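Colleague: Fold the following for me, if possible:
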Amino acid sequence: MNTADQYLKAIYLAQRIENGPASTGTLADLLEVSPASVNEMVGKLEDRDLVEHEKYKGATLTDEGLERAHDALQTYCIIERFLANVLEVEEFRDEARALESVIDDTVAERLDTIIDRPEECPDCFDPERDCCERLEVSGRAD
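Modeller: Modelled structure (predicted):
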């Protein structure tokens, strides 16, 4: 997953959190970057017809952007579930965030064959909790 896909995923989640266009501030918080960085990348995504941006209102995914965001979030969920349930990594969220930018579709598909992922994934991802609402981690609370 590349940086653009991480932004698309963040816009998707921010739209769910805000029940509307994703604000620059929310995106900056989710991505842990500056608002200026968000504005720059949103402009690039808009040039590629992945996002529609209205000044002072926020960013909204186009149909193609939504499809790519959905795929990016699904890859993230696969990584998170693999780390938490198969490898039992305690800091699985931090590790998943670090790995999502370097795991390609082929690796994600292969990891997906050895995890138990809900059919509704990634729609079961809870943006408020920043994890799958159905992810169960033994001995730890989400």
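
Colleague: counting contacts, what elements does the lowest-mean-pLDDT helix or strand in the chain pack onto?
Modeller: Scoring the helices and strands of the chain by mean pLDDT, DSSP states H and E places strand 131-132 at the bottom, with a mean of 72. Counting contacts by 3 or more Cβ pairs under 8 Å, 6 or more residues apart in numbering; DSSP states H and E, strand 131-132 packs against helix 63-81, strand 125-126. Using the backbone N, CA and C atoms, a C-beta is placed for each residue, glycine as well.

Colleague: Surely T3 and E100 touch.
Modeller: No - in this structure T3 lies outside contact range of E100 using Cβ atoms under 8 Å: 10.5 Å.

Colleague: Of the two, which one has the most company?
Modeller: Higher neighbour count among T3 and E100: E100, with 22 against 12, using other Cβ atoms under 10 Å.

Colleague: show me the contacts for that one.
Modeller: Neighbouring residues of E100 by Cβ atoms under 8 Å, 6 or more residues apart in numbering: M1, Q6, A72, T75, Y76, I79.

Colleague: That's all I had, so thanks and see you.
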